[in-house]
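Q: whatever this is, show me its structure:
(chains A and B)
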2 protein chains.
Amino acid sequence: MKEISSLIAFRPDVRVVDATLRDGGLVNDFYFTDEFVKALYLTNLRAGVDYMEFGYKGSREIFEESKFGKWKFCKDEDIRAIVGENATDLKIAVMADVGRCDYKTDIIDRADSPIDMIRVATYLNTIPASVDMIEDADRKGYEVSCNIMAISNIREGDLAVALDILGQTPVKVLYIVDSYGAMYPEQIARLADTYLNAAAKYGKKVGIHAHNNQQLAFANTIEAVGDGVDWLDATYASMGRGAGNCAMELLLGFLRNPKYNVYPAIRFIDSHMNRLKEEGVVWGYDLQYLMTGLLNQHPRSAIQFTKEKRKDYAEFYREVVAQD
Amino acid sequence: MKEISSLIAFRPDVRVVDATLRDGGLVNDFYFTDEFVKALYLTNLRAGVDYMEFGYKGSREIFEESKFGKWKFCKDEDIRAIVGENATDLKIAVMADVGRCDYKTDIIDRADSPIDMIRVATYLNTIPASVDMIEDADRKGYEVSCNIMAISNIREGDLAVALDILGQTPVKVLYIVDSYGAMYPEQIARLADTYLNAAAKYGKKVGIHAHNNQQLAFANTIEAVGDGVDWLDATYASMGRGAGNCAMELLLGFLRNPKYNVYPAIRFIDSHMNRLKEEGVVWGYDLQYLMTGLLNQHPRSAIQFTKEKRKDYAEFYREVVAQD
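A: Numbers count the residues shown, from 1 in each chain, chains lettered A, B, ... in the order given. Below is the predicted model of the structure:
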C-alpha cells in the first residue's frame, strides 16, 4: 500500500500539462477561436497549470494548411498573438510527431520563439528518428520530452532498449502514453516502475498521458503520481481524441499543492467547453471506445463509428471482435 | 505492487451484483417496464452475473405506493412475475433500508419467497437497528449483507467498532459503500485492509459499492478486487443515483473468470439503456457531481441541480463551497 502521506502532502516536482488544444484539436481539426485559446491561456495561469501545449508543429508538406486550424502547425507568430512575450510562470509546449514534422526548418532557436518545450512523439519503431529530433530541439535550447505512444502494445524487452537509448539523449521527460486506453492501474504501476528505474539511472523525469476508453484516464494518472511519476497530462472536460484524456478538473481537485486551483477550470468548462459540446463537437467515454480499449486496438474504428453517428453498439462489437 | 497474477488469473470467490434496478431506480422512481426488467434478468443470466438486486423493500407506511414504480417495494409476486421459480444460478437480492423497511411483516420466510439475499443498508448511527434486521433476515433463511453507507465520513475508530458489532451477527458480506463518490483508490485500499481484517476475524466476505462522482467507480472497484474484496456491485451503463455506479460493462470486461461475458451487457445497453437516456432519464458523471464528491458532500444538491436542468456550473460551485 502507498504511504498515506502522498494523499495529504504533495510533491513539489509535479508538473501539470494542459493538452487541450493538442489532443482536443484531434477532435475538431484544431479549429479553436482565438477567444477560446486566450481564455484557455488565462485559465491555465489562474489554475496554476505548469505547461500549456498549443498543438502540433505539423509538416506543411504533409498536411494542407487550408484543411486545419492553425494549432495543427503552431507557428510562432500565432502563439505570440495569444501570449505576447508570455512573462508568466506558464510554459509553452508544442508536439512534434516523428515523420510528420519538418523540425529542422520549422523549429527555430528557443531564444527567438515563445515556445519552451518540444514534446517529441514516437512509436517504438521510430525511436532512432526521435533521438535526432530530441538532439535537434536540445541544440536549439528547448526543454524536450519524449512520448512513447501505444505503450500497451510494447513488450517489456523492447521498452527497456528504448528507455536505454532515450536515457542517453538530452531528453528531460520520458512519457508513458496509453494511446489505446487499454491499461489498468496495476499495469500502470508496473510500467511506472520500469520507467522510473530508467529515469533514475539517467537523471530523467517520467510523465503520463492517459486515455479514457475504460474511464481510467484519471485513475491511471493518480496511480502514476502515487508511484512517483511527476509530469501529468490533462485536458479540460477530458477533451481529446476518441474517449478523451484525464480531466483537468479531476486532476486539479486531487492535487494537494496549494498552487493548483480547480475553480478556474470549472469556470472555463462552464463558459467554453460545454459550448463546444453544444456546437456538436463530440468526444468522451462511450461504449465504442470501451470496446477498442478492452481489445487493445487503435481507436480509429471507434472514432469512425462516432463520426458516422452510428448507434448500433452491439453490431460494432461484432465488427471489432472480428477484426481482433 | 500487486501480484501481476491477479490480472491474468482470477479468484473464483468473486461475486458480481447487478444493482441497476435498485440504484438506477433512484433516478426514475423505479418506473421500469416489465419488458425492461425481463430483458435485464435474461442479460444477467447470459453475462454470468451472480446476483440481481431488484430494488428496495420500501415501507408502504412511509412511501406512497402510487408515487413509485413497483421496484421500490419488491413484492414477492412482482419478482415472481419476472423470474418464475428462478431455476437458475442467478440469485435474487433486495435492499432493506434501516428505518425505511417494515421487515418484520414485509419480508417473509425465504422458503416461500423468490428472494435469496437481503441487503441491509445502514448509516453508522443505526448499526444496532441493522443488527436486528440482519438477525431477522437470517432467521427467515436469507443470505444477508450489510452496507455501511457514507463511508467517507466515518472515522476509523468508529468503523472498527461497527465492524466488530457486525462481525458477531450472521451477516455474510460487509460492504464498503462510497455513497458520496469521494474516495480515491489509495483510500479504498486502506479501507479494504480494515474490512478484510475484520472479515478474516469473523469469517465474513467484503464487498464494494462505488459511485462515479470523480470517474473512479470502476477504478475503485478494481482496486478493491485487487486487494481481496470479493463482492462487486455494478450497474448497466452506470445507471444509479447522481453520477451513477461502477459500469457493469467495464467490470465484466475486466474480470478474467470465463463465466463472465461482456457481450450480453453491450447488447442490453444498446437495446435498453440508451433508450432510457433518449427518453430523458438523466444520470452519470457531470461537473456538479465532481464538486460534491470532491467536497465529500451528499449528492442531493447536485441531484437538485440536475433536476432543475441548471447549467450554471460555476455558480453551483460557489454555492456548494459556501455550504461546506
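
Q: show me where pLDDT drops low in the stretch 201-324 of chain A?
A: Residue ranges of the stretch 201-324 of chain A with pLDDT under 70: none are present.

Q: one more time with 80, if that's ok
A: A:324 (pLDDT under 80).

Q: which parts of it sit against chain B?
A: Counting by CB under 8 Å from any CB of the partner chain, the stretch 201-324 of chain A comes close to chain B at A:212, A:214-219, A:222-223, A:226, A:247, A:249-250, A:253-254, A:262-263, A:266-267, A:269-271, A:274, A:287, A:290-291, A:294, A:311-314, A:317. Every C-beta, even on glycine, is put in place using the N, C-alpha and C of the backbone.

Q: filter those residues down to the buried ones, ChimeraX style.
A: A single ChimeraX command selects the buried members of those (16 or more other CB atoms under 10 Å in any protein chain shown):
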select /A:212,214,215,216,217,218,219,222,223,226,247,249,250,253,254,262,263,266,267,269,270,274,287,290,291,294,313,317
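
Q: return the subset of the residues of the stretch 201-324 of chain A next to chain B lying in helices.
A: Among these, the ones falling in helices (DSSP state H) are A:217-219, A:222-223, A:226, A:249-250, A:253-254, A:263, A:266-267, A:274, A:287, A:290-291, A:294, A:313-314, A:317.

Q: give the bridge partners for A:V17, please.
A: A:Y51, A:D233 (DSSP bridges).

Q: is it true that it touches A:D23?
A: No - using CB atoms under 8 Å, A:V17 is not in contact with A:D23, being 10.5 Å away.

Q: can you pull the residues of the stretch 51-200 of chain A lying near chain B?
A: So the stretch 51-200 of chain A meets chain B at A:184-187, A:189-190, A:193 (CB under 8 Å from any CB).

Q: ok, and the most crowded of the residues you listed?
A: Ranked by the number of neighbours (other CB atoms under 10 Å in any protein chain shown), those place A:P185 first, at 22 neighbours.

Q: how about that residue, what does it touch?
A: Counting by CB atoms under 8 Å, 6 or more residues apart in numbering or on different chains, A:P185 touches A:216, A:219-220, A:223, B:185, B:219, B:222-223.

Q: per-residue pLDDT, it?
A: For A:P185, the model assigns a pLDDT of 96.

Q: still on that earlier bit, any chance of a markdown table for the contacts of A:P185, columns distance to B:I151?
A: As requested, the contacts of A:P185 are exported to a markdown table (distance: CB to CB, whole Å):
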| residue | distance to B:I151 |
| --- | --- |
| A:L216 | 22 |
| A:A219 | 18 |
| A:N220 | 23 |
| A:E223 | 21 |
| B:P185 | 14 |
| B:A219 | 16 |
| B:I222 | 18 |
| B:E223 | 14 |
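
Q: can you tell me which of the residues you listed comes closest to A:A200?
A: Nearest to A:A200 among these is A:E223, at 19.0 Å by CB to CB.

Q: with adjacent residues omitted, what lies nearest to the closest one?
A: Leaving aside its chain neighbours, A:E223 sits nearest to A:P185 (4.0 Å; criterion: CB to CB, 6 or more residues apart in numbering or on different chains).

Q: which residue does chain A bring closest to chain B?
A: A:A219 (3.2 Å; CB to the nearest CB).

Q: my guess is that residue meets B:Q215, correct?
A: Yes - between A:A219 and B:Q215 there is a contact under CB under 8 Å: 7.3 Å.

Q: gap between the two ends of stretch A:237-248?
A: End-to-end distance for stretch A:237-248, by CA to CA, to the nearest Å: 7 Å.

Q: now that stretch, how far from the centre of its chain.
A: Put simply, stretch A:237-248 sits 9 Å off its chain's centre (CA atoms, centre = their mean, to the nearest Å).

Q: can you check stretch A:67-87 too?
A: 18 Å.

Q: got it, and stretch A:212-230?
A: For stretch A:212-230 - counting by CA atoms, centre = their mean - the centre lies 13 Å from the chain centre.

Q: which residues touch the host helix or strand of A:I208?
A: A:I208 belongs to strand A:205-209 when assigned by DSSP states H and E. Residues outside strand A:205-209 that contact it (CB under 8 Å, 6+ apart) are A:13, A:15, A:17, A:19, A:145, A:147, A:172-178, A:188, A:192, A:195-196, A:199, A:220-221, A:224-225, A:228-233, A:245.

Q: give the buried residues for that strand.
A: A:205-209.

Q: what do you get for stretch A:69-87?
A: A:69-74, A:76, A:78-79, A:82-83, A:86.

Q: strands - which of these land there?
A: Among these, none falls in strands (DSSP state E).
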